[in-house]
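In: task: produce atomic coordinates for the following.
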Amino acid sequence: MSQVVVEKDLAFPLAEYRRRLSGIQEEMDRRGMDAAIVFGPENLFYLTGYQTIGYSAFQLAVVPAEGEPRLLVRELERGAARRLSWMSSEPLTVQDGADPVEATVDMLRQLQLDRVRLGVDRSSWFLTVNQYLDLVGRLPRATMVDASGLVERARRVKSELELDCIRRAARYTEAGMRAAIEAVHEGASDNEVAAAAAHAIFAAGSEYMSIAPIVTTGYRSGIAHTTFARHRIARGEAVLIELGAVHHRYAGPLMRSAFVGEPPDLVRRMYDACSRALDAAIAAIRPGVTAGSVHAACQRVIDAAGFEPNFRKRLGYSVGVGFAPDWGEGHILHLSRDDPAVLEPGMVFHLPPALRVYSVVGVGCSETVAVTSDGVEVITTFPRELAIR
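Out: Sure, this is the predicted structure:
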């Protein structure tokens, strides 16, 4: 049988991946690392292009100070690692039932990186405490240093190619939002609304989402982070909808609200405060301002409307590469009270001001925005008025 030629299926041109690698290796040099071990599906995708729905398995990339990264993945993921990563080297693999830490140590020895100054992403959700301690114990001649945030720092500012992915994702999201709002009516279930959104999103071109459609109705709209659960929508109830379709793992999130029947004064005032607060935040965004100042612009409007007790959370968070359970990068960068982080062109945020009266009602709206060289681009374009159904 002739040898199979491995073609590549990459989300971005090779030059984009080399640019990312170069920036990360420059940061490694500043931190004095000879090599770094990178975990997490977002970081692996960003750096190598490799992705899998089986990312709960142990997997990593070893990044040397010079040269290409090398992947270590579960044996079952070999095909995806070969086809979807840009590197010329074959991925190394771990058999089911084998010790992944032992495989990591063997890999480092093969690469002659077991006696160097080695960065390890100690903050990764995908490296357990036991695995880290085992790794340290098996590499007595290596100097282990913390590489937390190594890739995340690079991910904060998006390239034009990444921005284009988010714009495309936003178009899919808007198709889903349109279908969701059309599906809202007295007697419909929250599942039916979510199903309409999902159908439209996937039909428009989205990949699997990092978070399933969020549809919360009636008294549950007043409870944060609830979602569809076979509830029938009654007249006089609010419906809070939040969606985030995906293009090449980049999401374009959007939140909107609907009301069945005539909204009471409280609901209209809450929604108006959210929308005006969102406008104030967007107007405050430009390069050089702090994340905290943008949050403050939003908070002032909320407070002046009398809803401060209902808004004691961050305004928003960075958006970029995402795998379940989250489409956001809030652990990398967010817009919160007194946050000193300085905004730069290419940063992208989801801004979802929402107000809830516990177990009574909740409404909100959002936009996904990008910081530009002289201000802000509002990426999402869906009409923002409260939808009366």
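In: from R31, how far out is the residue lying closest to G32 once chain neighbours are set aside?
Out: Closest residue to G32 apart from its sequence neighbours, by CB to CB, 6 or more residues apart in numbering: R117 at 6.0 Å. Every residue, glycine included, has its C-beta placed from N, CA and C. Using CB to CB, to the nearest Å, R117 is found at 9 Å from R31.
In: how about A203?
Out: Distance, A203 to R31, by CB to CB: 46 Å.
In: which stretches of the chain have low pLDDT?
Out: Judged by pLDDT under 70, the chain has its weakly predicted residues at 1-6.
In: domains of it?
Out: 14-155, 160-388 (automatic domain parsing).
In: columns mean neighbour count and distance to E7 on top of these, output as a markdown table?
Out: A markdown table is the format used below for these (neighbours: other CB atoms under 10 Å; distance: least, CB to CB, whole Å):
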| stretch | mean neighbour count | distance to E7 |
| --- | --- | --- |
| domain 14-155 | 18 | 7 |
| domain 160-388 | 20 | 18 |
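In: the residue nearest to G32: what's it in contact with?
Out: Applying CB atoms under 8 Å, 6 or more residues apart in numbering, we find R117 in contact with 32-35, 142-143, 145.
In: kindly recompute the last result at 10 Å.
Out: Neighbouring residues of R117 by CB atoms under 10 Å, 6 or more residues apart in numbering: 28, 31-36, 65, 142-145.
In: got these as TSV, with secondary structure and distance to A80 columns?
Out: Converted to TSV, the contacts of R117 look like this (DSSP: H, G, I helix; E, B strand; the rest coil; distance: CB to CB, whole Å):
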residue	secondary structure	distance to A80
M28	helix	26
R31	helix	30
G32	coil	33
M33	coil	27
D34	coil	28
A35	strand	24
A36	strand	22
A65	coil	27
A142	coil	29
T143	strand	33
M144	strand	29
V145	strand	30
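In: and which of the residues you listed is nearest A224?
Out: Nearest to A224 among the contacts of R117 is A36, at 36.5 Å by CB to CB.
In: coming back round to it: what bridges to the residue nearest to G32?
Out: Judged by DSSP bridges, the bridge partners of R117 are T143.
In: okay, strands next: where are they in the stretch 251-389 of the chain?
Out: With DSSP state E, counting those that start in this stretch as the criterion, the stretch 251-389 of the chain has strands at 254-259, 316-323, 326-328, 334-335, 348-351, 354-357, 361-364, 367-371, 376-378, 387-388.
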